[in-house]
Each structure stands twice: as structure tokens, then as C-alpha cells.
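**Student:** what follows is a predicted protein model with its sequence.
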Amino acid sequence: MFESERENLVHTLMKKGIKAPQVLDAFYKVERHLFVPESMKFFAYKDNALPIGKGQTISQPYTVAYMTEKLDLQKGDRVLEIGTGSGFQAAILYAMGMKVYTIERQYDIFLQTQKLFERLQVRVMAIYGDGTIGWTEFAPYQGIIVTAGSPKVPDSLLRQLAVGGKMVIPVGTKSSQELHIITRLDEEHFELKKEPNFLFVPLIGREGWDNE
Ligand code: SAM
């Protein structure tokens, strides 16, 4: 279902500058319409964020592709995602052959997406909790992707990044963020690049925004 729409979306991503074949392949494979509410499925292959309930969103496909490309992963790498949401980003990483660990702080969303992962046989490790403190059990990670906007980069996540690994995280105010692309050079040194104009729902937790 929706094969030609999926192909068109991949062409849109290529036109916007996404080049990594493993990222584009994953967008051919993963059926985004299964990750959005039934009422939204005809909009699933437009390059837009969509509401998924509880005030949360499934990110825009271009943003998912861009952040994934910036992680610069190799097949089999361990990747930590903060903000499971609909599960689409995790499914893209899984389709690329990554070992995926994902954390969601809203219990209803966590349960719903856990069921979807089982139904679609997306074999990722998912937990309910505060992702700002990471998941020490499986650290270090070659990639960390934060899919909610934070006032700062959580120290816990920096500590759990492997040497040579990359983290992508939107940092700024609640109404606008810059995407920070961080590479861990060695135990103590990190390289930081920034890209402007991103907008995500807030990252709420011990090392993120307070829950108002
Ligand atoms: N990656 C998701 C996808 O593919 O659909 C998009 C996620 S949505 C933009 C952001 C998610 O982050 C929301 O589901 C929100 O509940 C979650 N979130 C916010 N703060 C969090 C935290 N501290 N730990 C884990 N999840 C968090």
C-alpha cells in the first residue's frame, strides 16, 4: 500500500539533499502510514510533521532523514533514541540494521508504540522513563538521537556517547531550537556543529525542561 507515495517521498528527500543510501533505503521500506493515527494515513507521505495524540507529533520525514544521516552510523551500531513517540524514527534505524534502544516518558504513548513494534516485528528495546538521564545499561552508544527540544545538552547523554560517536539534539527555547551535532573526539573532548531553525516539542525531565 502507498508504494508510489513512498517513492515520491524518497525523491523529495533526495531533492532536499539527503544522500546516504542506507537512509533513503529505509524510507522505501518503512511504512509511515502505519505509525500515524488512522485519520491521518492519507497525509503520511507528505513531508510534514503530524499530530499523534497527547499533544505529541511524529516528526517531519525530512527532519528524521537529516538527523539520521548526521549520525553517520555503520550497520550494527548501538543507537539510543530519546522520545520514542510514534516509533517511526526507531523503525527507520532498525531498518538500517542498527541495535536500537528507545525511551518514552508518556506512558500511553509508550504502551501504544510498544504494541505497534510487536505487531510490525520492529525488534527494538523500548522503555518508559526519563530519557534525559539516558540508559546506562547498554552504554556507550555510537549514536544518540534526541527527538524533543532541550534547554541544554544533558550531561548524562554526553557521558553515554562512545568515543567517535555522534549525538544529534535540538537545543534552544521552547519556540525555536538549533540542531546540535556533537562528535565525541576522546574521553574529554567533543566537537560541536550547529544548524539553525528546528522546532520540536519540549524534552521534559531531570536534565531537560521542568514539567509545568
Ligand atoms: N521520534 C518520534 C517519532 O518518530 O515519532 C517523534 C517524537 S515527538 C517529536 C517527541 C517525543 O519525546 C514525545 O513522544 C514526548 O513524549 C517524548 N519526550 C519528551 N521528553 C522526554 C523525555 N525526557 N524522555 C523520553 N521521551 C520524552
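**Tutor:** Structure received. Quick caveat, the model's predicted, so the values are computed rather than measured.

**Student:** hmm, the longest strand along the chain touching the ligand?
**Tutor:** In the chain, taking DSSP state E as the definition, the longest strand is strand 161-172. No - Strand 161-172 is not in contact with the ligand by CB under 6 Å from any ligand atom; minimum separation 9.5 Å. In short, each C-beta sits where N, CA and C put it, glycine included.

**Student:** same thing with stretch 40-55?
**Tutor:** No - with CB under 6 Å from any ligand atom as the measure, stretch 40-55 is seen stopping short of the ligand, the closest distance being 6.5 Å.

**Student:** related to what we said a few turns ago, what residues sit buried inside the longest strand of the chain?
**Tutor:** Of the residues in strand 161-172, those buried by neighbour count under the rule 16 or more other CB atoms under 10 Å are 161, 165-172.

**Student:** I'd like to know which elements that strand is packed against.
**Tutor:** In terms of contacts (3 or more CB pairs under 8 Å, 6 or more residues apart in numbering; DSSP states H and E), strand 161-172 is packed against helix 61-71, strand 141-146, helix 155-159, strand 177-184.

**Student:** what is the mean pLDDT for that strand?
**Tutor:** Averaged across strand 161-172, the pLDDT comes to 98.

**Student:** what's the angle between it and strand 141-146?
**Tutor:** Computed by axes from the mean of the first three to the mean of the last three CA atoms, to 10 degrees, the angle separating strand 161-172 from strand 141-146 equals 10 degrees.

**Student:** for strand 161-172, list the C-alpha coordinates in PDB.
**Tutor:** Backbone C-alpha positions of strand 161-172 (Å, rounded to 0.1, in the frame of the first residue of the first chain) are rendered in PDB as follows:
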ATOM      1  CA  LEU A 161      28.300   8.600  23.900                       C
ATOM      2  CA  ALA A 162      31.000   6.300  22.600                       C
ATOM      3  CA  VAL A 163      34.400   7.900  21.600                       C
ATOM      4  CA  GLY A 164      34.000   8.500  17.800                       C
ATOM      5  CA  GLY A 165      30.200   8.500  18.200                       C
ATOM      6  CA  LYS A 166      27.700  11.300  17.400                       C
ATOM      7  CA  MET A 167      24.700  12.800  19.100                       C
ATOM      8  CA  VAL A 168      22.100  15.000  17.500                       C
ATOM      9  CA  ILE A 169      19.900  17.100  19.800                       C
ATOM     10  CA  PRO A 170      17.700  20.200  19.300                       C
ATOM     11  CA  VAL A 171      18.800  22.900  21.800                       C
ATOM     12  CA  GLY A 172      17.200  26.200  22.500                       C
END
